[in-house]
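1. 3D, please:
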Amino acid sequence: MRVSVQVKGLLVCLALMVACGGPSEPQSVERESTGDALTTVRPVAPPPKAPSLSLPFFSSWSRVSDGLVAAPGTPVTAAPWGQWPFAVFATGADSGIYTAAPNPDQGLPAPWARLPGAAAPGTPVTAVPWPNWGFALFVTGTDYGIYMAGGDPQRGLAGPWAPTNGAAALRTQVTAVPWGSWGYALFVTGLDGGIYTAAGDPQRGLAGPWARLGGLVASPGTPVTAIPWGSWGFALFATGADGGIYTAAGDPQRGLAGPWARLPGAAAPGSAVTALPWGSWGFALFVTGTDGGIYTAAGDPQRGLLGPWARLSGLTARLGSQVSALPWPYSGASTFALFVTGNDGVPYQAVGDPQQGFGSWWPVASTTLDGQIGGPTIPPGATIAAAGWNYPIISNGTNLGNKYRIALFVTGTDSAVHMTSSCCGVPKPPTSLRVTSNVTGHSIDVSWVDNANDADGFRINYTGKRTGYSDDTGTLSLGASARTASLTGLLSGYSYTIKLVAYNSSGDSRSVAVQATTPIVAEQVAVTLQNQHLVNPNGPVPIAYAGMYPGFGSVPAGHLLQIAVPQSSIALGLAFVKLGGSTDDCLSSDPGAVVTVLAGQTMTSAQMTAVYGTAKPTYSTSTPVGFLACLISSQGAPIPETVDIQATIISQ
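-> Numbering: from 1, shown residues only. All right, here's what the predicted structure looks like:
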C-alpha cells in the first residue's frame, strides 16, 4: 500500500529507508508501507549540503585506570562535579562498583575507589547530581534488582544501597532524571520487556511502586531515554523488540499522556535512542540504524518526526551502538557534537544539526610524532561517555570567564579507562573589520564584530608599503573583550594591509583584512647639533655646532619646512650660517651674514630662503639637509656639548 503524507523536511533517512532530503518548509513525501512498518521513504527534494563546521580539538588520550580493571567496552558514567571537575563511575571486571575524580588537565589524582555493592561486569552506573549528597546513584545488581544510593568519589556512599523492588536484566541501564519534589523520575525496561517508571530518591525511597507505561514491548535491557518536556512531564524514546523506534510522553505520577507511537525507521532491538532538546524542533534524535549507519532526525511525541531520518555518511558502527551527543556552541547556536565508536574500534566525532546536516566524521585522537593516529583501541559498540563543563580561564590571577569544553571517557580493549578533553577548536573568525574615520599620518583605528565566545584574544598583523622605501610591519595583541584597536607609530604616506585573527590555545581563526593609507603630513623631529670645538690661536673663534637630517637610517625623501630653537637655560639663540658660508660669518659685523633665531622662536619662510636658497629645502637618505649654527649665549654661561633644534619635515 502507498500513502502520501505532508511533513516538515529535515534531511535524509534511516536504516531500511533509502534516499532522503528536505528543506525546512513542508514537502510531499511518499512512503511505502507493508502493514504498520514503514520501509521506504522517497522525498521530493535532495538533501542539503552540510555546512563547514568547527570540530572540537582534543588533546592526547591518557590512561586513567589506576585501581580499576574493567571489561573491555564497559560504559563509564561522567558527571560534572565542581572544581574536580568530574566524578566518574564504572563497574569492574570483578563486579565491583568503582568511582574516581579525574581531571582532564591533570590526570587521575587518586586511584579508583571501590564502593559497596556489586553489579555484573559492563553494567552502566547512572549518576545524577544530588544536592548535599553528591550524586544519586542507580544500578542493576547481580540479583537483577534495581538499587539506589547516594555518594561521591570523595566521601564514598552516604548509606547502603537501597532496593527499589524492581527488577531488570543484568547490565540494564536505569534512567534517572531530576523531578522537583519527587526527587527523581526513574525509567527502566523490565524483565518482561515492558517500560516501567517510578519516582523517589535514595534517602526517602520510592514514592510508590513501579508502574508499567503502556503496552510497548522492548528487548530486556533496552535503555529508555527520558527528557523533561514541560507540562507533558517527559518525552520518552525507546526501541521496541520489533526494531521500531517509539516515543511517548508522560511521568511517574500521571502515566502516559497517550499510547506509544512508532516513528518511521528501524534500529536493532535494544538500541539506544539519543535525544537532546532542540528549541522549536522539539528534540534532536540520533540512533544507529539496522545497516550500521548513524542517523539523525528531529521531532517530539506530539508531532512525531518533522522530516525524514538523515544518514551521516562516512561511518559504520556495530548494530546497537549508542551515539553520545552534546551541544557544541562553537559551530552555531544549536549545533551538536556527536561521538561514536566505529566498526574499526576507533572513536569518531562529527558536528552539525539535523536541519543543516553534519560534517565529516573524524577520529578523536591526537597525531603522534611519526604522523600516525594515536589513541586507545575500543571494542566496536563501546559507548563513549561525553560530558561538558565550563572551564575557568585564569590570566595573571584574574578570572577572564569560562570556556565550554568536552571530556570523553571510554574503556578500551586493554580493560583500562581512557580520557581526553577538548579545548574548543579554533575560534570563529571576526567579521566586519573596518577602518574608522580616525586615520592620521601615524595611526589607523579599526573596529570589528566578534563571532566567537571561545577566543582567548585577538591579534593584528599589519604591513605598510611605500614605493622606494622599506616595509613597515608590526603586531598588536589584544584581549578577548576587544572590539576596537588603534595602530600607532605608523609611517605617513604608507599603504597598510591590516589582518585580524581571533585565537585560542587550539590556534588561529581564519583572518580578515582591511586596507588603509596614512596621509602624508608634516611632522616634527629633533635634530641634535654637535659642538665642533673650533680652534684659532690667532684670534677669537665662534662656538659652532653642526648636524644634519636624516642623521642615520633610511627615511622617505621630503622637504624641510621649518626650524625652531627650543627654550634653553643656556642658549639665548642660534645664528644659522647661510648655505655656502662659514663659521667666520658669525663674527661678521654684517647683520645679514647669518640668520639669528632666538630661543623659543621659529625660522620664518623668508629666513629659510635666506639660509638654504629655498623656503623648502629637500632631503633624502643619501643627501641629507645640513645645519651649521653658532651659539648665542650669556657672558660666562657654560658651553654645552650639544644643542637640540626642532625640524618640521614632510615626506614627498
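2. In this structure, mark out all the helices, start to finish.
-> 605-612 (DSSP state H).
3. Listing partners with orientation, what would you give for the longest strand along it?
-> Secondary structure of the chain per DSSP state E: the longest strand is strand 398-411. When pairing is defined by DSSP bridges, strand 398-411 lines up against strand 385-395 (antiparallel), strand 417-421 (antiparallel).
4. Can you give me the pLDDT of the closest residue to residue 443 other than its chain neighbours?
-> Leaving aside its chain neighbours, residue 443 sits nearest to residue 488 (4.7 Å; criterion: CB to CB, 6 or more residues apart in numbering). All C-beta spots, glycine's among them, are computed from the backbone N, C-alpha and C. Per-residue pLDDT puts residue 488 at 95.
5. isn't residue 488 right next to residue 439, touching?
-> No - checked against CB atoms under 8 Å, the pair residue 488 and residue 439 is beyond contact range at 11.7 Å.
6. And the longest strand of the chain, what's buried?
-> Residues of strand 398-411 classed as buried: 403-411 (neighbour count, 16 or more other CB atoms under 10 Å).
7. Equivalent analysis for stretch 496-507, please.
-> So for stretch 496-507, counting by 16+ other CB under 10 Å, buried means 496, 498, 500-504, 506.
8. Pick out whichever of these sits closest to residue 477.
-> Closest approach between these and residue 477, by CB to CB: residue 503, at 8.9 Å.
9. So the closest one sits against residue 509, correct?
-> Yes - the criterion here is CB under 8 Å, and residue 503 meets it with residue 509 at 6.8 Å.
10. Name the residues contacting each of the two.
-> Residues touching both residue 503 and residue 509 by CB atoms under 8 Å, 6 or more residues apart in numbering: 426-427, 455.
11. Return the set of residues that bridge with residue 526.
-> residue 646.
12. Quick one: neighbours of the residue nearest to residue 443, just the number.
-> Close neighbours of residue 488, defined as other CB atoms under 10 Å, add up to 12.
13. Mind checking which of the buried residues of stretch 496-507 are in strands?
-> If you go by DSSP E, the buried residues of stretch 496-507 have 496, 498, 500-504 in strands.
14. Return the member of these nearest to residue 570.
-> Nearest to residue 570 among those: residue 496, at 42.1 Å, using CB to CB.
15. Test my guess that residue 497 contacts residue 462.
-> Yes - contact criterion CB under 8 Å: residue 497 and residue 462 qualify, at 6.7 Å.
16. count of residues packed around the residue lying closest to residue 95 once chain neighbours are set aside?
-> Distances taken as CB to CB, 6+ apart put residue 118 closest to residue 95, at 4.5 Å, once the chain neighbours are dropped. Using other CB under 10 Å, residue 118 has 20 other residues around it.
17. ok, residue 118 - contacts?
-> Residue 118 touches 95-97, 141-142, counting by CB under 8 Å, 6+ apart.
18. any idea which of those residues has the most stuff around it?
-> residue 97 leads these on contacts (other CB under 10 Å) with 24 neighbours.
19. Does that residue touch residue 115 like I think?
-> Yes - taking contacts as CB under 8 Å, residue 97 lies within contact range of residue 115: 4.7 Å.
20. as a whole number, average confidence for stretch 326-344?
-> 86.
21. For that stretch, list every residue counted as buried.
-> 326-328, 330-332, 334-342.
22. Now find how far off-centre that stretch is within its chain.
-> Averaging C-alpha positions (CA atoms, centre = their mean, to the nearest Å) puts stretch 326-344 13 Å from its chain's average.
23. Could you do stretch 155-164 as well?
-> Here the centre of mass of C-alpha atoms in stretch 155-164, compared against the chain's by CA atoms, centre = their mean, lies 39 Å away.
24. Residue 307 against residue 285, yeah?
-> No - Residue 307 lies out of contact with residue 285 (CB under 8 Å); the separation is 11.0 Å.
25. low pLDDT regions in the stretch 351-500 of the chain?
-> Along the stretch 351-500 of the chain, segments meeting pLDDT under 70 span 366-374, 393-401, 423-425, 453.
26. ok, 90 please
-> Filtered on pLDDT under 90, the stretch 351-500 of the chain yields the residue ranges 355-356, 364-377, 389-405, 421-429, 437-438, 441, 451-456, 467-470, 480, 491-492.
27. wait, which of the buried residues of stretch 496-507 is closest to residue 75?
-> Among those, and counting by CB to CB, the member closest to residue 75 is residue 506, at 28.6 Å.
28. Surely residue 215 is in contact with residue 259?
-> Yes - if you go by CB under 8 Å, residue 215 and residue 259 touch, sitting 7.2 Å apart.
29. which residues sit in contact with residue 429?
-> Counted by CB under 8 Å, 6+ apart, residue 429 has contacts 451-452, 501-502, 509-512.
30. closest to residue 130 among those residues?
-> Of the contacts of residue 429, the one sitting nearest to residue 130 (CB to CB) turns out to be residue 452, at 35.1 Å.
31. Which residue, neighbours along the chain excluded, lies closest to the closest one?
-> The shortest distance from residue 452 to any non-neighbouring residue, by CB to CB, 6+ apart, is to residue 427 (3.5 Å).
32. Just give me the neighbour total for the one you found.
-> Residue 427, neighbours per other CB under 10 Å, totals 27.
33. is it true that it touches residue 454?
-> Yes - counting by CB under 8 Å, residue 454 is a contact partner of residue 427 at 5.4 Å.
34. Tell me the pLDDT of residue 46.
-> Here the pLDDT value assigned to residue 46 is 31.
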